[in-house]
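*Asks:* from the sequence below, what's the structure:
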Amino acid sequence: MDALDIGTKFHMRDGDLTVERFQDCTAIAEHAKALHKAGEHGSSDFKHAAKIPFVMIEAYCNRLNITFAECMQNKVHMRTILNDPANADFRIWKGRV
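*Replies:* A predicted model of the protein is given here:
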């Protein structure tokens, strides 16, 4: 599976359908680490904070039962995702958002 490939599995249990999405995010994390080491943090006006894989944003939306549009429109959601220590491997600029 390529880093850009997003896999999907469908699970049926007791009449309920669950959709599982997955992706190997190793290459994305390595790219973010290389950008950080190279000092590619953006400018003082516009920081390049992270390369967050879509499957992680989608999982966040599913946990909170919100739409992708709502996640993108409300800055609190992106701040939560970016400042989550579990996503540190995807951060380029390490400052608090």
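*Asks:* and the strands in the chain?
*Replies:* Listed in chain order, the strands of the chain (DSSP state E) span 7-13, 16-22.
*Asks:* and the last one, what's its mean pLDDT?
*Replies:* So that's strand 16-22. Mean pLDDT, computed over strand 16-22, is 88.
*Asks:* and what of stretch 70-86?
*Replies:* Here the average pLDDT along stretch 70-86 is 96.
*Asks:* sorry, back to before: as JSON lines, the strands of the chain with distance to residue 66 and mean neighbour count would be great.
*Replies:* Using the backbone N, CA and C atoms, a C-beta is placed for each residue, glycine as well. Listed next are the strands of the chain as JSON lines, based on distance: least, Cβ to Cβ, whole Å; neighbours: other Cβ atoms under 10 Å:
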{"stretch": "strand 7-13", "distance to residue 66": "20", "mean neighbour count": "9"}
{"stretch": "strand 16-22", "distance to residue 66": "16", "mean neighbour count": "10"}
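*Asks:* good, we can wrap up now.
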